[in-house]
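Participant: This is a predicted model, with the sequence first.
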Amino acid sequence: MVCLGNICRSPLAEGILAKQAAENGFAIEVESAGTSAHMPGCAPHKYSQRIAAENGVDISRQQCRQFVAEDFDRFDKIFVMDESNYRNVRKIAGEKWNQHKVDFLMNLVTPNCNQDIPDPWYGNLDGYSKVFDMIDKACKNLVHNLKSELNQSAK
Ligand code: 4NP
């Protein structure tokens with residue numbers, strides 16, 4: 001899960017997907033990172049932590065980190081929050097770039113629309129709440145898709 005700072009959006013995405021995956025019995029590895037992670041080692045934004053906690057998701061122990069090209073080796077799928085994240089991931093990836101691994105998280109809700117999850121950094125708690133709901137919906141669809149794939153491969 002990738003955003004700009006790894007402070008607001010992608011920590012929420014990591015926490016929400018990890019929780020939903022665990023609840024549905026999927027042992028998947030989920031991490032988040034920022035394309036310009038200026039606060040390495042820092043915890044997520046207090047509003048992200050608060051909105052997560054209000055929804056039963058604990059992101060308080062996450063630590064901010066920079067997205068690196070080697071993440072293309074470690075992960076099957078890289079979800080970005082917005083278009084600038086997509087461009088930054090492509091730049092950072094260099095020779096590791098693999099278009100098939102990268103998608104907009106919101107394409108899980110509105111396929112092929114490349115819809116942005118807006119950056120809540122300069123706004124109030126309400127913005128974080130809207131971002132939470134968008135990410136929550138996308139992750140639910142992702143878990144649903146994984147379940148369908150699993151059922152198909154079991155047949
Ligand atoms: P994020 O939000 O990309 O959702 O983590 C931001 C976090 C930090 C900054 C901008 C956006 N910043 O300018 O430091």
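Facilitator: That came in fine, so what should we check first? If you're wondering where the values come from, they're calculated on a predicted model, not measured in any experiment. Numbering: from 1, shown residues only.

Participant: near the ligand, which residues of this protein show up?
Facilitator: 3-9, 34, 38, 119, 121 (Cβ under 6 Å from any ligand atom). Every C-beta, even on glycine, is put in place using the N, C-alpha and C of the backbone.

Participant: Dump the residues you listed to CSV, plus secondary structure, neighbour count and pLDDT.
Facilitator: Output for the residues of the chain next to the ligand, formatted as CSV (DSSP: H, G, I helix; E, B strand; the rest coil; neighbours: other Cβ atoms under 10 Å; pLDDT from 0 to 100):
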residue, secondary structure, neighbour count, pLDDT
Cys3, strand, 31, 98
Leu4, coil, 22, 98
Gly5, coil, 20, 98
Asn6, coil, 29, 98
Ile7, coil, 23, 98
Cys8, coil, 23, 98
Arg9, helix, 33, 98
Gly34, strand, 26, 98
His38, coil, 12, 95
Asp119, coil, 18, 98
Trp121, coil, 15, 96
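
Participant: hmm, which two among those residues are most spread apart?
Facilitator: Arg9 and His38 (14.9 Å; Cβ to Cβ).

Participant: and of the residues of the chain next to the ligand, the nearest to Val68?
Facilitator: Looking across those and measuring by Cβ to Cβ, the closest to Val68 is Gly34, at 10.8 Å.

Participant: Next up, the contacts around that closest one.
Facilitator: 2-7, 10, 64-67 (Cβ atoms under 8 Å, 6 or more residues apart in numbering).
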